[in-house]
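In: Here is my input, please return the structure:
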Amino acid sequence: MPLTKEEAQRLHQELGELLSKYVETVPFVEQVRMLFPEQYLRILKIYEDGDFVIVMPKSFIDPKDYSKIAAIVREVKGEYVSQGKQSHFRIKKVCQ
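Out: Next up, the predicted model:
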């Protein structure tokens, strides 16, 4: 039996509320980790530093990997910080 428009809207709202509660319980650093495929998690250090989550390569990375990682970071309004061997990406934490 198909749902009425009102039932579908109610279910949609309930699902949105459940997802919001879930996101609030997952630490932001873990949310950032979830953005990256497993192949990148193996080559990155991801950790909290003050108001930011830092995404730093463990060693030199292939330019193709770099561009894909940069694209993921840019999607969440992150930025690249050039500091020689300590260069990294950083993502501002959002209020939880």
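In: hey, C-alpha coordinates of the helix or strand where residue 31 lies in PDB?
Out: Assigned by DSSP states H and E, residue 31 belongs to helix 28-33. Extracted C-alpha coordinates of helix 28-33, given in PDB (Å, rounded to 0.1, in the frame of the first residue of the first chain):
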ATOM      1  CA  PHE A  28      34.000  15.800  14.000                       C
ATOM      2  CA  VAL A  29      37.400  14.200  13.500                       C
ATOM      3  CA  GLU A  30      35.600  10.900  12.800                       C
ATOM      4  CA  GLN A  31      33.300  12.600  10.400                       C
ATOM      5  CA  VAL A  32      36.300  13.900   8.500                       C
ATOM      6  CA  ARG A  33      37.800  10.400   8.400                       C
END
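In: Check which helices and strands that helix sits against.
Out: strand 44-49, strand 52-57 (3 or more Cβ pairs under 8 Å, 6 or more residues apart in numbering; DSSP states H and E). (Each C-beta comes from the backbone N, C-alpha and C, glycine too.)
In: Same list, those strands, but as TSV with mean neighbour count and mean pLDDT please.
Out: Shown next, in TSV, are the helices and strands packed on helix 28-33 (neighbours: other Cβ atoms under 10 Å; pLDDT from 0 to 100):
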stretch	mean neighbour count	mean pLDDT
strand 44-49	15	96
strand 52-57	20	96
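In: For these, give me JSON lines that also has distance to residue 33.
Out: Below are those laid out as JSON lines (distance: least, Cβ to Cβ, whole Å):
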{"stretch": "strand 44-49", "distance to residue 33": "5"}
{"stretch": "strand 52-57", "distance to residue 33": "9"}
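In: burial of residue 61, as a residue count?
Out: 15 (other Cβ atoms under 10 Å).
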